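Participant: Below are the sequence and a predicted model; questions follow.
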Amino acid sequence: MIGRGAVGIDTQSSASAAIDLLVEAGAVLATSLDPATTMGQVAELTVPRLADLCVIDLRDEDGSIRDVAVAASNQGIARNLEKLRKRHQLDPDGEHPVARVIRSGDPVLLPEMTNTLLRSFAQGSEHAQFMIDHGYRSAVVAPLVARGRTLGALSVLRLGDGLPYDEEDLDLVCELARRAALAIDNARLFSDLRRVELAESLIAHTLQRSLLPESLPEIPGAEVQALHAAAGEFNEVGGDFYDVMRQGEKRWMLMIGDVCGKGPRAAGVTALARHTLRAVAMNGQSPAGMLSTLHEALRSQPLGMDLCTVCLVMLERDDEGGAMLTVALAGHPAPLLIDGNGDVREIGHYGTLLGVIDPVKIEEIRVRMQDDETLLLYTDGVSEAGAPDRPLSERGLRALCAEAPGLTLAELLEGIEVAALARTEGKLRDDIALLALRCKT
Amino acid sequence: MAAQDHFRIETRNAPDRVVLCLHGELDLASAPLLAQEIENASDATTAMVVLDLQELRFIDSTGLRIVLAAHERAQERGGEFALTRASEQVQRLLTITGVGEHLRIIASPDELLV
């Protein structure tokens, strides 16, 4: 009876020690999201109360086995083991208990390891000698299993004259391994997710930048200024675009457009629109012809229903000063021409938006622009800022433009942006884009 | 803000048509609601779908796309599709984009089509 009582007390204390260990491990595992650090901390927890040496091995994607954490009551052993493992990687198909556990997914208990046994699974004579010299005595190797996959193995060892492990220790190590595996799995998921997020945000950002010109070309005898403000979060790609390109000796093409929607799909359509227009502009097509070509390109898209509005202004400088403008509109607000007295007028005939309706009706209009006049192209995010309760509206935009003669182009565009933001309480519902041109006197 | 807070659809079935009366703002957030409702209305065998826009305060290009898709769908089925005149903002967008010219616009949702 006394003997049984003593065993009972012993069991009680070892059970509470086991609970302590699992609680501490739980705390470590819950807080860390970096797999390497987490495994180091788990290995440290087992030494010295459960083990003289603890090794955590993980299986790489190519099937090879790599030790990620080693902890030992004797720091020298830990360092030497790490060096040895570097020279002699465990053979995933070999007899080493770690390899067997990773293959089978079942734990292994080795209460008493004889030198013969150690030699039987050693990775060469150097490895065998190392284990014998350090007195490898007893071991438990438990699989790290999460979501049905064996990620690796957790090994605890007692050296020298340490107590042999028993079934209870096996259960404890298996439980510890199960929790550690979940933590590794979570950490991996987290880092994968983080990578995807970063990649997406980078793609969106790169796309957004690639859809707007880095700088506008110099037009001799004219000044050009652009402004773009995106609605929503940094990684939402909007559909507004603008561009200016040279079409000939004294001929330039100004474009501004708006693609329906947001996100990667809209960005793809924006890229298609911008690059199609650039390509056809180089062919010397007229603005109306360019818009028809873009319409065909959008119509031939496999998924259909990608709509887009565009305003094109072809500018031809001549020797009389000023310039001749040819305006073509496809579903887009007409550009404004502001004279030296601040009188504002719309130029252009409304035409059909692109990508949905066949046939599109687009009519060019030619207007002479004087040297003291200002031309403004804009997207409807500007006039509709604040809609429906208090939209800036075209009337409000015209009022701001009436001040243009006394302002630089940069001041004019900034003033419009500030007014638009004020209407929306700083939170734009839609992108805004502005492109202004003035001939220098 | 949830889409239904600023956009609402009343569906009315008449003998010869389904009338969808749109209230509020039709934009990126609320467009899917209309797409769904049009889907449901098109399942009915009614010959005509009318979008009543008199109570619609705002529409953006995403909303416009849904309207155009509904029109295309009605044409494919050989049915009729019409809009009523809308608020100034909505009417203006229909004009600028050329969509107003392309679609049939009627004075009241129950007007007879000839």
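Facilitator: Good, I have the coordinates.
Participant: Starting from the strand or helix carrying residue A:273, tell me the next helix or strand along the chain.
Facilitator: In the assignment (DSSP states H and E), residue A:273 maps to helix A:263-282. Counting by DSSP H and E, the next helix or strand C-terminal to helix A:263-282 is helix A:287-299.
Participant: Burial check on residue A:95, number of neighbours?
Facilitator: Residues near residue A:95, counting by other CB atoms under 10 Å in any protein chain shown, number 11. (C-beta placed from N, C-alpha, C; glycine too.)
Participant: Confirm that it sits in a strand.
Facilitator: No. If the criterion is DSSP: H, G, I helix; E, B strand; the rest coil, then residue A:95 is coil and not within a strand.
Participant: Touching, it and residue A:119? I think so.
Facilitator: No. Taking CB atoms under 8 Å as the definition, residue A:95 is not a contact partner of residue A:119, at 10.6 Å.
Participant: Quick check: residue A:315 vs residue A:255, distance?
Facilitator: As for residue A:315, its distance to residue A:255 is 11 Å (criterion: CB to CB, to the nearest Å).
Participant: Those two: which is more packed in?
Facilitator: Neighbour count, other CB under 10 Å: between residue A:315 and residue A:255, residue A:255 has more, with 26 against 22.
Participant: measure the residue lying closest to residue B:37 once chain neighbours are set aside to chain A for me?
Facilitator: Computed as CB to CB, 6 or more residues apart in numbering or on different chains, the closest residue to residue B:37 that is not its neighbour in sequence is residue B:9, at 5.0 Å. Note on residue B:9: its distance to chain A, by CB to the nearest CB, to the nearest Å, is 17 Å.
Participant: Okay, buried residues for whichever strand or helix holds residue B:9 please.
Facilitator: Using DSSP H and E, residue B:9 sits in strand B:7-14. Buried positions in strand B:7-14, judged by neighbour count with 16 or more other CB atoms under 10 Å in any protein chain shown: B:7, B:9.
Participant: Same check on stretch A:242-260?
Facilitator: If you call a residue buried by 16+ other CB under 10 Å, then stretch A:242-260 has these buried ones: A:242-244, A:247, A:250-260.
Participant: if I pick the spatially most central residue of chain B, what's in contact with it?
Facilitator: For chain B, the residue nearest the mean C-alpha position is residue B:51 (3.2 Å; CA atoms, centre = their mean). Going by CB atoms under 8 Å, 6 or more residues apart in numbering or on different chains, residue B:51 touches B:20, B:22, B:67, B:70, B:82, B:83, B:84.
Participant: does the helix of greatest length in chain B come close to chain A?
Facilitator: Identified as the longest helix of chain B according to DSSP state H is helix B:61-77. Yes. Helix B:61-77 reaches chain A (CB under 8 Å from any CB of the partner chain) through B:61, B:62, B:64, B:65, B:68, B:69, B:72.
Participant: And the next helix or strand past that helix?
Facilitator: Beyond helix B:61-77 on the C-terminal side, the first helix or strand identified by DSSP H and E is strand B:80-84.
Participant: what about that following strand and chain A, touching?
Facilitator: No. Applying CB under 8 Å from any CB, one finds strand B:80-84 out of contact with chain A, separated by at least 13.3 Å.
Participant: and the gap between residue A:429 and residue B:24?
Facilitator: For residue A:429 relative to residue B:24 (CB to CB), the value is 14 Å.
Participant: Ramachandran angles for the nearest residue to residue A:24 once chain neighbours are set aside?
Facilitator: Closest residue in space to residue A:24, ignoring its immediate chain neighbours: residue A:45 at 5.7 Å, by CB to CB, 6+ apart. Phi and psi for residue A:45, reported as degrees, to the nearest 10, are phi -60, psi -30.
Participant: thought residue A:45 was touching residue A:26?
Facilitator: No. If you go by CB under 8 Å, residue A:45 and residue A:26 don't touch, sitting 10.4 Å apart.
Participant: between those two, who's got more neighbours?
Facilitator: residue A:45 (22 against 13).
Participant: Identify the residues contacting the more buried one.
Facilitator: Residues near residue A:45 by CB under 8 Å, 6+ apart: A:21, A:24, A:25, A:28.
Participant: for chain B, which strand is longest?
Facilitator: Looking across chain B with DSSP state E, the single longest strand is strand B:17-26.
Participant: What average pLDDT does the helix or strand just after that strand get?
Facilitator: Once strand B:17-26 ends, the next helix or strand along the chain (criterion: DSSP H and E) is helix B:31-43. For helix B:31-43, mean pLDDT is 84.
Participant: Likewise for stretch B:11-19?
Facilitator: Rounded mean pLDDT across stretch B:11-19 is 88.
Participant: first to last residue in it, what's the distance?
Facilitator: Taking CA to CA, to the nearest Å, stretch B:11-19 runs 6 Å from one end to the other.
Participant: neighbouring contacts of it?
Facilitator: Counting by CB under 8 Å, 6+ apart, B:20-21, B:37, B:40-41, B:44, B:46-50, B:52, B:80, B:109-110 sit against stretch B:11-19.
Participant: which SS state does the residue nearest to the centre of chain B fall under?
Facilitator: Under three-state DSSP, residue B:51 comes out as strand.
Participant: From residue A:111, how far out is residue B:26?
Facilitator: Shown here: residue B:26 relative to residue A:111, a distance of 74 Å by CB to CB.
Participant: Let me fix that, I meant to ask about residue A:437.
Facilitator: Residue A:437 is 87 Å from residue A:111, by CB to CB.
Participant: shaky segments in chain B?
Facilitator: Low-confidence segments of chain B (pLDDT under 70): B:1-5, B:43-46, B:113-114.
Participant: same check, this time on the stretch 201-350 of chain A
Facilitator: Using pLDDT under 70, the stretch 201-350 of chain A drops low at A:201-209, A:232-238, A:262-264, A:303-304.
Participant: At the contact with chain B, which residues of it appear?
Facilitator: A:258, A:260, A:261, A:262, A:305, A:307, A:309, A:331, A:332, A:333, A:350.
Participant: Using TSV, please lay out those together with distance to residue A:371 and secondary structure.
Facilitator: TSV is the format used below for those (distance: CB to CB, whole Å; DSSP: H, G, I helix; E, B strand; the rest coil):
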residue	distance to residue A:371	secondary structure
A:258	30	strand
A:260	37	coil
A:261	40	coil
A:262	40	coil
A:305	44	coil
A:307	37	coil
A:309	30	strand
A:331	31	coil
A:332	26	coil
A:333	25	coil
A:350	28	coil
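Participant: Buried ones from these, can you make that a PyMOL selection?
Facilitator: Per 16+ other CB under 10 Å, the buried members of those correspond to this PyMOL selection:
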select buried, chain A and resi 258+260+261+262+307+309+331+332+333+350
